[in-house]
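In: Make a model of this:
(2 chains)
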Amino acid sequence: MKLMSLLGVVILLTSGCASQVTKQQAFPGMYNERPDAVLVIPAINKSTAADAPILYSSTINEPLSNAGFYVLPIELTDRILRNEGMSEGEQLTKIPPQKFAEYFGADAVLYVTINKWDTNYYVIGGNITVGVNFQMKSCKTGDTLWSYNNEMVLDTSGDANNGGGLLGAIIATAIATAIQDYVPVARRLNTVALTQIPFGKYHALHKKDGNNLVNVSAR
Amino acid sequence: MKNIVLVILPLLLLSGCAKISQSNLYWGDYSSTLYKVKKEPSESSKLEHQNELQEIVEKSKSMHLKVPPGIYAELGVLAKDKGKHAMANEFFKLEQETYPESEALMKRAMQNNSKDKTI
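Out: Just a heads-up that it's a prediction; the model follows:
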């Protein structure tokens, strides 16, 4: 583990084999509907960290807007949903996406499921793992227009060969892991994920990225 | 000499301009000040975020860019929290003018604001 690039972000495709197709082939619905206004509902938390959804919520507006979409202001939509008694992502999956068109003027809903938000310690070394699944659904038909699933691991081992021997290494790992945060990993994951989406109307490549290649896991 | 100029010139140009995304948006430190609010909601983290939002508005304008999605709306929510209802509505209107696709949501926000409901 320590031989691996220190503090390097290792991208692991969740599926062993992946094949490449064009964005148009992978996500034809995005090209047919061209959603613009996207509602991001609170993340569905399947990790063991209770604060993961709230911390994650700070990471998505910027990259999703940069991908060319109008992100309905999350601070506002979260509050409105909370006032309606719906602050949990899980509850919100039971509402048909069409409802969100009426209520918020959304063209699509982005469902984010946090599968992993973990810190792992080894004898020497450790890592932070963030695993996220994205599903964008149409508010017209309820169909899934885009999806992406990935896990990102940040190795926090530090340099075990420098000073202090084994004990020094363990202390260094504990410190590195404590000061490290999940959010930079989540941001990185978002950035990678959103290169795979057919870009929205404010992006320079809107309607021009249909032939770009994306990875799809062969399942 | 020519080589040095060729190397230095782009560096100068780069250092002079702020980072703009591929959708022509300037975000400043948006994600990190927002993160601080989520991590530790306090008067100081909220104020820092509010200042960042205002700076994003000013810098975007000075660079002739659209103010990014949600920035005006967030300023509206913060104004509303301080009881500044008229100011909140101004911000919601600005969000709607910048992004007409926000109309339904901004109308709802303004309605709730006038009824003095929690948004």
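In: Of all the residues in chain A, which one is nearest chain B?
Out: At 3.1 Å from chain B, residue A:105 is the closest residue in chain A, using CB to the nearest CB. (C-beta placed from N, C-alpha, C; glycine too.)
In: Which residue ranges of the chain form helices?
Out: This is for chain A. Assigned by DSSP state H, the helices in chain A fall at A:23-26, A:28-33, A:52-56, A:61-66, A:74-83, A:89-92, A:97-104, A:165-179, A:182-193.
In: try chain B instead
Out: Under DSSP H, chain B gives helices at B:2-16, B:30-39, B:43-62, B:71-81, B:85-98, B:103-114.
In: May I ask which helix or strand of chain B has the lowest mean pLDDT?
Out: In chain B, no helix or strand scores lower on mean pLDDT, DSSP states H and E than helix B:2-16, which sits at a mean of 48.
In: Output the below-cut-off pLDDT ranges for the chain.
Out: Just so you know, I chose chain A. Along chain A, the model assigns pLDDT under 70 to residues A:1-18, A:158-180, A:217-219.
In: Correction: the question concerned chain B.
Out: Checking chain B against pLDDT under 70 turns up B:1-17, B:115-119.
In: Which residue would be the closest one in it to chain A?
Out: Relative to chain A, the nearest point of chain B is residue B:104 (3.1 Å; CB to the nearest CB).
In: roughly how far apart are that residue and residue A:26?
Out: Counting by CB to CB, to the nearest Å, the separation of residue B:104 from residue A:26 is 30 Å.
In: if we can go back for a sec, next up, the contacts around the residue of chain B closest to chain A.
Out: Contacts for residue B:104 were tallied using CB atoms under 8 Å, 6 or more residues apart in numbering or on different chains; they are A:103, A:104, A:105.
In: How about the residues of chain B by chain A?
Out: B:21-25, B:27, B:30-31, B:34-35, B:37-39, B:66, B:68-70, B:73-74, B:76-77, B:95, B:99, B:101-105, B:108-109, B:112, B:117-119 (CB under 8 Å from any CB of the partner chain).
In: what's the burial count for residue B:41?
Out: 11 (other CB atoms under 10 Å in any protein chain shown).
In: go on, the one 4 residues further on?
Out: Counted by other CB under 10 Å, the residues lying close to residue B:45 total 17.
In: what's the answer for the one 4 residues further on, then?
Out: Burial of residue B:49, expressed as a neighbour count using other CB under 10 Å, amounts to 24.
In: wait, it sits on residue B:36?
Out: Yes: contact criterion CB atoms under 8 Å: residue B:49 and residue B:36 qualify, at 7.0 Å.
In: Which residues outside stretch B:63-70 are in contact with it?
Out: Residues contacting stretch B:63-70 (CB under 8 Å, 6+ apart): A:61-62, A:65, A:69-76, A:202, B:18, B:20, B:24-27, B:30, B:56-57, B:60-61, B:94-95, B:98-99.
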